[in-house]
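J.: What would the 3D arrangement of this be:
(2 chains)
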Amino acid sequence: MSHTSENILEVQGLRKWFPVKSSQLFSGEKKFVKAVDGVDLHAKYGETLGIVGESGCGKSTLGRTIMKLIQPTEGRIVFDGQDITNLSDKQMRPIRRNMQIMFQDPYASLNPRMTVADIIAEPMDTMKTCPGGSEGRLRRIVELMETCGINKAFMNRYPHEFSGGQRQRIGIARALSVGPKMIVCDEPVSALDVSIQSQIINLLVDLKKQYELTLLFISHDLGVVEYISDRVAVMYLGKVVELCDKKRLFSNPQHPYTKALLSSIPEIGGKKFQDERPALEGDIPSPVNPPSGCTFHTRCPMACEDCKRIVPQLIEKEPGHYVSCIRVNDGK
Amino acid sequence: MDNQKLLDVQDLVTQFKLDDGILTAVDHVSFSIDRGETLGVVGESGCGKSVTAFSILNLVAPPGKVVSGKILFDGENLLEKSKHEMKKIRGERISMIFQEPMTSLNPVYTVGNQIDETLRIHKGLSRHEAKKKTIELLQLVNIPLPEQRYREYPHQLSGGMRQRVMIAMALACDPQLLICDEPTTALDVTVQAQILKLINKLKRQLGMSVMLITHDLAVISEVADRIIVMYAGRIVEEATESALFEKPLHPYTEALLKSIPHVGKGQDKLYMIEGMVPNLLKKHEGCLFAPRCEYATDLCRQSEPELLEENGRKVRCHKYTSKWEGQR
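T.: A predicted model of the protein is given here:
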């Protein structure tokens, strides 16, 4: 992967293994959920990097590990030129001025006992970033509410008085309050109705332009990811299997998993599901006991004997197009 | 009685008596499903699509109540049936699968046991016969190793497998109508594709009618023959699948289609439907979609449009009436 100063974020060999309690009391062997298992990626300043995958592929854990909300097991995270992998919570605090996160569930991610104004101001209160005392704070809150399309008259209301879309706007305002360079958006529109979803996506796109933000956009919805992203990383069982700009990914996918994923999307007027053969058999295997070799070989239509043994590496097949599949390299 | 129609819902009204007023969740809804046809019902959360399904099965729980209307199933009005008769119809002739395969299976019984039960109660099969039939059903819905799965508990299965078990259970008594309420919403795309293919296959093989409820326009386009679009408890548009997506007539349908990002389309800016779904507890005047509609005129804000019918399509909008002339 390229390591230049144009990258706001560089992630190398990142692993997050969660220990699981063994069901057998004396079975000595320790087991782990390999939620993130060796991820390499980078994000350039001002770009939107989409991270897409099915549930359990580790995309949310990846987002939280990058934010250092979870301590990684192994690997390196470089943010804005600084290695943040082993920083303590206290040392992370000034850095979080530049990296913020917004969550999927607009109902669970806002404190029900705080007013909207206090929620929005919380990051700047704890980081003491807002000049001008209480007056300056109030001015900033009003400014943020207006930018995010929340009626400023509702400043002293509580989260339960707002709809899902409005709450997501509050979450965005909170993330913006400290003027971050990067925002990790963890499934920000998955819980919303279609008509509200487009409002939030458009707001994110506008804010990104206005504040020159870098977005890490995590979602399972390929349509949304294609719309918003510049580049897209596809994850499967804790690993990135394909990474490139969105145009190439959607027009010329290389990894068999990406191909299967794209052919599984229902389309208006598509009538894709008339035949009986599914694009992909079976379900995602358990991340506690992932298959040997390439983790996708159990479901892959192209799998061969070698796939069961060899762990494929993420290789730059064409400039900027990374694929992790030994069969794709074969064909070259 | 038109024999082609399996289900004929006429002027259905379902209300919920709440502390702060009466909420009309389903407001004078009429539609029909032909034999062997798949009807899609699409709308956002709170538009009344699930309550419509529950009303058909007489499963609306208090404070909700079906207030008026007729639900003719094979010529008989389901609203006049006794509790006992309804129970028989629900198991044998109309089945329903739900969104949450996790919560709709009983965690303390094995998968086999739960399907067996339906067969023994409704078909009077012996234990042995029921087991044989259950394993056949598990095979029908493409569950690998059915004999082993028969003995397993729901928590041992993945989400997609559970939904297959739900479908097997729903099919146990060869129903004439299968109601699917958001059957794939909780599933991943690759698993969703498997389930949608399964529903398509079963429909062809068994010749039953399907009512598919979802918020996802793409899913409905893949499966349905005819589609109803609901908004705030009312039907706003009805058309065949191809006609609806080729030329949506109602501004709401049109706006919905424009606001979804489609894979491979490369749109510049997504269309936004301003505002929110109206609060049905409040009194309304005029068209319920008017506050969010880009075509809305004074006429729309003052009087509620009727559901117009032309060439087999239905639409509830003033734009298609003679009154519209001169409004703009």
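
J.: what about the helices in chain B?
T.: Taking DSSP state H as the test, the helices found in chain B are B:49-56, B:83-92, B:111-123, B:127-140, B:146-150, B:159-171, B:189-206, B:217-223, B:241-246, B:251-258, B:298-302.

J.: Before we move on, what's the pLDDT of B:Arg328?
T.: On the pLDDT scale, B:Arg328 is placed at 57.

J.: before we move on, what about A:Phe26?
T.: 65.

J.: same deal with the one 5 residues further on?
T.: Note on A:Lys31: pLDDT of 82.

J.: mind listing what it touches?
T.: Counting by CB atoms under 8 Å, 6 or more residues apart in numbering or on different chains, A:Lys31 touches A:Pro19, A:Val20, A:Ser22, A:Val288, A:Asn289. In this view, the C-beta of every residue, glycine as well, is placed from N, C-alpha and C.

J.: Could you dump those residues into a markdown table with secondary structure, pLDDT and neighbour count added?
T.: Formatted as a markdown table, those follow (DSSP: H, G, I helix; E, B strand; the rest coil; pLDDT from 0 to 100; neighbours: other CB atoms under 10 Å in any protein chain shown):
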| residue | secondary structure | pLDDT | neighbour count |
| --- | --- | --- | --- |
| A:Pro19 | strand | 88 | 10 |
| A:Val20 | strand | 81 | 12 |
| A:Ser22 | coil | 66 | 12 |
| A:Val288 | coil | 82 | 12 |
| A:Asn289 | coil | 83 | 11 |
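
J.: quick one on the thing from earlier: can I get the helices of chain B in JSON lines including mean neighbour count and distance to A:Gly56?
T.: Formatted as JSON lines, those follow (neighbours: other CB atoms under 10 Å in any protein chain shown; distance: least, CB to CB, whole Å):
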{"stretch": "helix B:49-56", "mean neighbour count": "24", "distance to A:Gly56": "27"}
{"stretch": "helix B:83-92", "mean neighbour count": "14", "distance to A:Gly56": "35"}
{"stretch": "helix B:111-123", "mean neighbour count": "20", "distance to A:Gly56": "22"}
{"stretch": "helix B:127-140", "mean neighbour count": "17", "distance to A:Gly56": "24"}
{"stretch": "helix B:146-150", "mean neighbour count": "16", "distance to A:Gly56": "21"}
{"stretch": "helix B:159-171", "mean neighbour count": "24", "distance to A:Gly56": "10"}
{"stretch": "helix B:189-206", "mean neighbour count": "20", "distance to A:Gly56": "11"}
{"stretch": "helix B:217-223", "mean neighbour count": "24", "distance to A:Gly56": "21"}
{"stretch": "helix B:241-246", "mean neighbour count": "18", "distance to A:Gly56": "33"}
{"stretch": "helix B:251-258", "mean neighbour count": "21", "distance to A:Gly56": "30"}
{"stretch": "helix B:298-302", "mean neighbour count": "15", "distance to A:Gly56": "47"}
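
J.: Of all those, which one is nearest A:Thr258?
T.: helix B:189-206 (11.4 Å; CB to CB).

J.: Now that closest one: average pLDDT?
T.: Here the average pLDDT along helix B:189-206 is 87.

J.: for stretch A:325-332, same thing?
T.: 69.

J.: What residues of stretch B:281-296 count as buried?
T.: Residues of stretch B:281-296 classed as buried: B:Gly286, B:Cys287, B:Leu288, B:Phe289, B:Ala290, B:Arg292, B:Cys293, B:Ala296 (neighbour count, 16 or more other CB atoms under 10 Å in any protein chain shown).

J.: List just the nearest of these to chain A.
T.: Comparing the buried residues of stretch B:281-296 against chain A with CB to the nearest CB places B:Arg292 closest, at 7.9 Å.

J.: okay, that closest one: pLDDT?
T.: 90.

J.: from the buried residues of stretch B:281-296, which two are the most distant?
T.: B:Gly286 and B:Arg292 (12.3 Å).

J.: Could you list the residues of the stretch 51-200 of chain B in contact with chain A?
T.: Taking CB under 8 Å from any CB of the partner chain as the contact definition, the stretch 51-200 of chain B meets chain A at B:158-161, B:188-194, B:196-197, B:200.

J.: could you dump the contacts of A:Lys31 to a markdown table with distance to chain B?
T.: Converted to a markdown table, the contacts of A:Lys31 look like this (distance: CB to the nearest CB, whole Å):
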| residue | distance to chain B |
| --- | --- |
| A:Pro19 | 21 |
| A:Val20 | 16 |
| A:Ser22 | 18 |
| A:Val288 | 14 |
| A:Asn289 | 14 |
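
J.: Look up how far A:Ser60 lies from A:Val184.
T.: Per CB to CB, to the nearest Å, A:Val184 is found 10 Å from A:Ser60.

J.: what's the burial count for B:His155?
T.: 9 (other CB atoms under 10 Å in any protein chain shown).

J.: and the nearest residue to it once chain neighbours are set aside, backbone torsions?
T.: Closest residue in space to B:His155, ignoring its immediate chain neighbours: B:Pro107 at 6.2 Å, by CB to CB, 6 or more residues apart in numbering or on different chains. As for B:Pro107, its main-chain torsions (degrees, to the nearest 10) stand at phi -70, psi -20.

J.: Now do the contacts for B:Pro107.
T.: B:Tyr153, B:Pro154, B:His155.

J.: Quick check: the gap between the residue nearest the centre of chain A and B:Thr297.
T.: The structure's chain A has its C-alpha centroid closest to A:Ile218; by CA atoms, centre = their mean the separation is 3.0 Å. A:Ile218 is 42 Å from B:Thr297, where distance means CB to CB.
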